[in-house]
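Enquirer: Show me the folded form of this:
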Amino acid sequence: MPYNLITKISSTDNILNRSFFKGIFTKYGYKQYHRMFSWLFTLVYGYFLSQVIKTSGYLDQSSYYNQSAAGFVYDMLNMLAYSVCLYHMSGLQKNRNSFYNIDSLLYWIPYLSSIIGFAALGEISWLRTLAITWGFWERLTNKAVNFLLISSGLLISFIIYQIKRACYENRIRQLICPLFIIGFVYSLSWVILSQIENASSILHLHHAFLAAIFSFWFSNWDNVSAIIWHAINIGIWAEGWNIYGTEEVYIFMDSKNGTNLSLLGSVSIIMFLSIFLLSGLRFTTIHKNPSIKRSVSFPGVEHTTIEIN
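Expert: Next up is the predicted model:
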């Protein structure tokens, strides 16, 4: 019942889904930049809201890292740089459903709520030490296990729903391709660390990194649950960057850094990438410019065909 009510309200033109900035951008002829601006503005707003929460004294000092002024700025810039990639890989710039907007209360209410809520969750004793590394399940308390089972079950059920819709609408590739690209990049990073330079690293999936991955499954805003879940995940993404900094995207926590990548290692990687590059030529077809034939007839003149290249 509540979900049906939200769906009904959000499917009509009202204050809940009305854009804050679209009218301004449309009026002055910059409508094509509206969605990107809304995306970056939303992230910056959430980043500063996290800073307000962090400096309010509500959070324990052990809940966040000691961030300098320069660190604050560079963490924000890094967040925006990563978020531009996230924006394009999610296909948000191609989202055909213009009814749902990033700069709307429908997006901002769950977005800001997730920032505040996740910061509060970090103050719970049995969640504060939660770190997703190898064997983390064995270190969890019963309360943490129950919390993860319920929250993960809820999230997975909505992901399955989105997968079913994607299969039905024949757009499953849109969901899988970004995950494949990220998996390829981080797998290559793991090969460099562990296999080439023999650096000892520990896999550590930070909550902001996981939230960004989950957001891919909700990037097609054809239903209200997709935009709400996307907003929740992006709120966690923005909060993580402010609370923990750039390390939120470091999934390899080093216990031994290893030496710098050698010439042999660099050449090996270049050869692998070159083979991968050349293999793409198999699927490349060279098309000649098609000839266009037009029939032109004039009174008193015999019908002729003109070929234009």
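
Enquirer: can you pull the contacts of the closest residue to residue 240 other than its chain neighbours?
Expert: Excluding the flanking residues, the one nearest residue 240 by Cβ to Cβ, 6 or more residues apart in numbering is residue 208, at 2.6 Å. (Glycine included, C-beta is placed from N, CA and C.) Applying Cβ atoms under 8 Å, 6 or more residues apart in numbering to residue 208 gives the contacts 236, 237, 239, 240, 241, 244, 248, 249.

Enquirer: export those to CSV and tack on pLDDT and secondary structure?
Expert: Below are the contacts of residue 208 laid out as CSV (pLDDT from 0 to 100; DSSP: H, G, I helix; E, B strand; the rest coil):
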residue, pLDDT, secondary structure
236, 93, helix
237, 93, helix
239, 91, helix
240, 88, helix
241, 91, helix
244, 83, helix
248, 69, helix
249, 73, helix
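
Enquirer: Mind checking which of these are buried?
Expert: Buried members of those, scored by 16 or more other Cβ atoms under 10 Å, are 236, 237, 239, 240, 241, 244, 248, 249.

Enquirer: The fifth one contacts residue 75, doesn't it?
Expert: The one in question is residue 241. Yes: at 5.6 Å, residue 241 counts as touching residue 75 under the criterion of Cβ atoms under 8 Å.

Enquirer: where does the stretch 1-150 of the chain dip in pLDDT?
Expert: The stretch 1-150 of the chain contains residues with pLDDT under 70 at 1-13, 61-64, 95-98, 125-140.

Enquirer: mind listing the strands for it?
Expert: 132-133 (DSSP state E, counting those that start in this stretch).

Enquirer: And the helices in the stretch 201-309 of the chain?
Expert: With helices called from DSSP state H, counting those that start in this stretch, the stretch 201-309 of the chain shows them at 207-215, 224-244, 263-279.

Enquirer: closest one to residue 141 among the ones you listed?
Expert: Residue 141 sits nearest to helix 207-215 of all these, at 17.6 Å, using Cβ to Cβ.

Enquirer: can I get the CA coordinates of that closest one in PDB?
Expert: C-alpha atoms of helix 207-215 as PDB (Å, rounded to 0.1, in the frame of the first residue of the first chain):
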ATOM      1  CA  HIS A 207      30.700   0.600   1.800                       C
ATOM      2  CA  ALA A 208      30.900   3.500  -0.600                       C
ATOM      3  CA  PHE A 209      32.500   1.300  -3.300                       C
ATOM      4  CA  LEU A 210      29.700  -1.300  -2.900                       C
ATOM      5  CA  ALA A 211      27.000   1.400  -3.000                       C
ATOM      6  CA  ALA A 212      28.400   2.600  -6.300                       C
ATOM      7  CA  ILE A 213      28.400  -0.900  -7.700                       C
ATOM      8  CA  PHE A 214      24.800  -1.400  -6.500                       C
ATOM      9  CA  SER A 215      23.700   1.900  -8.100                       C
END
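
Enquirer: ok and it relative to helix 224-244, angle-wise?
Expert: Angle between the axes of helix 207-215 and helix 224-244 is 160 degrees (criterion: axes from the mean of the first three to the mean of the last three Cα atoms, to 10 degrees).

Enquirer: from the chain's centre, how far out does stretch 141-159 sit?
Expert: In terms of Cα atoms, centre = their mean, to the nearest Å, the centre of stretch 141-159 is found 21 Å from the chain centre.

Enquirer: How about stretch 65-79?
Expert: From the chain centre to the centre of stretch 65-79 is a distance of 20 Å (Cα atoms, centre = their mean).

Enquirer: Pull out the buried residues from the longest helix seen in the chain.
Expert: Longest helix of the chain, by residue count under DSSP state H: helix 142-168. Buried residues in helix 142-168, counting neighbours by 16+ other Cβ under 10 Å, are found at 144, 147, 148, 155, 158, 159, 161, 162, 165, 166.
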